[in-house]
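> Model the structure of this input:
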Amino acid sequence: MLDQIMQNTIEYLLHFSKTQRKEYGQFFTGISTARYMASLVEPGRSKVRILDAGCGNGMLAAAVVEHLLKNDVREVELDLFETDQNIIPLLNKNLKMISDACREAGAVLRVKVYIENFILYYQEVWKNKGYQGKYDVVISNPPYLKIGKKAEESAAMDDIVYGQPNIYALFMAMSCHLLKKEGQFVFITPRSWTSGLYFKRFRKYLLDNLSIKRMHLFVSREKVFGMESVLQETMILYGEKTELQQREICIAICNDAEDYGNLRILNVKASVCLPGPENYYVLIPADQEDIAALKFLSEMENEPRKSGYLFKTGQVVEFRNRDNLRYSREKHTIPLIQACNLVQGSIKMGVETDKAQYFLLDKKHEKMCMENQNTVMLKRFTSKEETRRLQAAVHLKVFWPEEKYITAENHVNYLIKINGNLSQCETYGFYVILSSSIWDRYYRILNGSTQVNSEELNTMPIPDQSSIQRLGRIAIRFLKEQKTIDSDEIVRSVFV
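Presented below is the predicted three-dimensional model:
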């Protein structure tokens, strides 16, 4: 059945381009992934009511029905939502095969297809926080699509929206709301919801209402959707609707969608993956070294913002300030630090680049400069292939004594002290932290993307101030002895 659904889908794809389907955030689930997701569902009863909020071609519905029939479920109700009118003929064709399979197995199938906007259809139900739910299983590959904060869907679920939301998170939250108590939740989504400020309200809702039982990671970013090319960190989440989180979470890892037979399994304490209610981060360690790093850092109760420090993002967005960009020194210009200027732990101007190196400072743009002071800078973006996610560089005021002001481009993060200026010891102490393997590993666990966000930097665990200064003093001693700063050695000398 699933093979024929895939064949029907391939024929459909010949008539509709990926550009057309991106309007709906539509990426089809492959057979292997559909069967794997369906296999996570525990039948438990003879009658099961299922929701797929973005059913597309019906592949996930077919996979879960196939799985339930093999486990002696004899009555299935399917509620399927889809807004793309183009795909309805394909969906109906595939539903007939599902119906035929149920009839041959002696099972009863009831199907309702809603050609409706899923979020708006249930918006009044969302407002009813005492709603008890009606589905035993929700299984979905929802649309992946950024929407505006003023979009109807955002307004319908505004209590979990912050900034520019991605509609897949609204699908996840609404689907969880519609589940019965102890109902099962299976979603394949981008990994981006696990961290970051935009998803914080959503994470709070989900973690308050869902016990995470399994998280599945893919090593490859390119081979998750089979015939579909989606360059995205993707994960599968399986959980049960209950307010009590189970003690352990199973983390499964495979290379891609054709490699489910070679799973690497980690059973991790939930407290390691879910560090607490402050930020509601979901950390996904991929090996024992990751687990060890998280346990080590869990003992550090400080965070930069709470300790009087703040990571900020460079003020200069090039395409918005083209008239003020300069490629050589002129009157009234200040150094413009770009990511390319962060070289082996130092800020180096005059590098070979096609990027502007100076910024014309006028009254209109005074807010875009900062006092020349001690700081640590980090690249905001790195490539997937680079060995380090956190790439830091030290800048001291004494390096450029003639400069009163400097500025940074938007692809650079930098550190300040909220009240006062960073001492040299604090500056080098933070450099050691950000250049160490253990904090780099933490950030990779926290954030699956190649972007380094200031918000996440501001909430990462750090040592107390005296330990930061001690790290810095040792680093300065390395430099005085004309040694390269070995951040891992310094961290070991202080904490092990």
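> Could you tell me the phi and psi values at Met235?
phi -140, psi 160 (degrees, to the nearest 10).
> Okay, it and Met215: tell me how far apart.
6 Å (Cβ to Cβ, to the nearest Å). No exception for glycine: its C-beta is placed from N, CA and C like everyone else's.
> Glu456 - that's part of a helix, no?
Yes. Counting by DSSP: H, G, I helix; E, B strand; the rest coil, Glu456 is found in a helix.
> What score does it have for pLDDT?
Note for Glu456: predicted pLDDT of 94.
> number of nearby residues for it?
The number of residues packed near Glu456 is 19, by other Cβ atoms under 10 Å.
> What distance do you get for it to Tyr442?
From Glu456 to Tyr442 the distance is 10 Å (Cβ to Cβ).
> which neighbours do Met235 and Met215 share?
Shared contacts of Met235 and Met215 (Cβ atoms under 8 Å, 6 or more residues apart in numbering): Ile284.
> Going by neighbour count, which residues in the longest strand along the chain are buried?
The single longest strand within the chain, with elements called by DSSP state E, is strand 179-190. Within strand 179-190, the residues scored as buried using 16 or more other Cβ atoms under 10 Å are Leu179, Gly183, Gln184, Phe185, Val186, Phe187, Ile188, Thr189, Pro190.
> Can you show me the CA trace of it as CSV?
Listed next in CSV are the C-alpha coordinates belonging to strand 179-190 (Å, rounded to 0.1, in the frame of the first residue of the first chain):
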residue,chain,number,x,y,z
LEU,A,179,-5.1,14.8,22.5
LYS,A,180,-6.8,12.9,25.2
LYS,A,181,-5.0,12.4,28.5
GLU,A,182,-2.3,9.8,27.8
GLY,A,183,-2.8,10.2,24.1
GLN,A,184,0.3,9.7,21.8
PHE,A,185,2.1,12.4,19.9
VAL,A,186,4.4,11.7,16.9
PHE,A,187,5.7,14.7,14.9
ILE,A,188,8.6,15.2,12.4
THR,A,189,9.7,18.8,12.4
PRO,A,190,12.7,21.1,12.2
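> Can you name the element that comes right after it?
Moving toward the C-terminus from strand 179-190, the next helix or strand (DSSP states H and E) is helix 200-209.
> can you give me the mean pLDDT across that next one?
If you average the pLDDT values across helix 200-209, you get 97.
> tell me what that helix is packed against?
helix 167-178 (3 or more Cβ pairs under 8 Å, 6 or more residues apart in numbering; DSSP states H and E).
> okay, the helix it packs on in CSV with CA atoms only?
Output of helix 167-178 as CSV, limited to C-alpha atoms (Å, rounded to 0.1, in the frame of the first residue of the first chain):
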residue,chain,number,x,y,z
ILE,A,167,3.5,27.6,11.8
TYR,A,168,4.8,24.0,12.5
ALA,A,169,5.1,24.9,16.2
LEU,A,170,1.4,26.1,16.2
PHE,A,171,0.5,22.7,14.7
MET,A,172,2.4,20.9,17.4
ALA,A,173,0.8,22.9,20.2
MET,A,174,-2.8,22.6,18.8
SER,A,175,-2.4,18.9,18.2
CYS,A,176,-1.2,18.3,21.7
HIS,A,177,-4.2,20.3,23.0
LEU,A,178,-6.6,18.1,21.1
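> which stretches of the chain aren't confidently modelled?
Across the chain, the ranges flagged by pLDDT under 70 are 16-26, 221-232.
> what residue lies at the spatial centre of it?
Nearest residue to the geometric centre of the chain (Cα atoms, centre = their mean): Ser192, 1.7 Å.
> tell me the contacts of it?
Asn166, Phe199, Glu233, Gly448, Ser449.
> ok, back up a step: looking at the buried residues of strand 179-190, which two lie furthest apart in space?
Greatest spacing in the buried residues of strand 179-190, by Cβ to Cβ: Gly183 and Pro190 (23.1 Å).
> partners of the longest strand of the chain in the sheet?
Strand 179-190 pairs in its sheet with strand 135-140 (parallel), strand 234-241 (antiparallel), by DSSP bridges.
> What residues of stretch 360-377 count as buried?
Leu360, Leu361, His365, Met368, Cys369, Met370, Asn372, Gln373, Asn374, Thr375, Val376, Met377.
> for stretch 437-446, same thing?
Ile438, Trp439, Asp440, Arg441, Tyr442, Tyr443, Arg444, Ile445, Leu446.
> quick check, nearest of these to Leu390?
Nearest member of the buried residues of stretch 437-446 to Leu390, counting by Cβ to Cβ, is Asp440, at 4.8 Å.
> hang on, that closest one packs against Thr382?
No. With contact defined as Cβ atoms under 8 Å, Asp440 does not count as touching Thr382 (10.4 Å).
> Now the common contact residues for these two.
Shared contacts of Asp440 and Thr382, counting by Cβ under 8 Å, 6+ apart, come down to Arg388, Arg389.
> Now do Arg380 against Thr450, distance only.
Applying Cβ to Cβ to Arg380 and Thr450 gives a distance of 9 Å.
> How about Tyr358?
According to Cβ to Cβ, Tyr358 stands 28 Å off from Thr450.
> If you count surrounding residues, which of these two has more?
Tyr358 (19 against 16).
> Contacts only, for the more buried one.
Per Cβ under 8 Å, 6+ apart, neighbours of Tyr358: Leu325, Arg326, Tyr327, Ser328, Arg329, Glu330, Thr333, Ile334, Pro335, Leu336.
> rerun at 10 Å
Shown in contact with Tyr358 (Cβ atoms under 10 Å, 6 or more residues apart in numbering): 324-330, 332-336, 349, 407.
> again, but for Leu336
Applying Cβ under 10 Å, 6+ apart, we find Leu336 in contact with 314, 316, 318, 321, 324-327, 349, 355-360, 368-369, 406-409, 412.
> quick one on the thing from earlier: how about JSON lines for the contacts of Tyr358, with distance to Ile249 and secondary structure added?
As requested, those are exported to JSON lines (distance: Cβ to Cβ, whole Å; DSSP: H, G, I helix; E, B strand; the rest coil):
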{"residue": "Asn324", "distance to Ile249": "49", "secondary structure": "helix"}
{"residue": "Leu325", "distance to Ile249": "48", "secondary structure": "strand"}
{"residue": "Arg326", "distance to Ile249": "52", "secondary structure": "strand"}
{"residue": "Tyr327", "distance to Ile249": "52", "secondary structure": "coil"}
{"residue": "Ser328", "distance to Ile249": "55", "secondary structure": "coil"}
{"residue": "Arg329", "distance to Ile249": "55", "secondary structure": "coil"}
{"residue": "Glu330", "distance to Ile249": "57", "secondary structure": "coil"}
{"residue": "His332", "distance to Ile249": "56", "secondary structure": "coil"}
{"residue": "Thr333", "distance to Ile249": "53", "secondary structure": "strand"}
{"residue": "Ile334", "distance to Ile249": "49", "secondary structure": "strand"}
{"residue": "Pro335", "distance to Ile249": "47", "secondary structure": "strand"}
{"residue": "Leu336", "distance to Ile249": "45", "secondary structure": "strand"}
{"residue": "Met349", "distance to Ile249": "47", "secondary structure": "coil"}
{"residue": "Thr407", "distance to Ile249": "44", "secondary structure": "strand"}
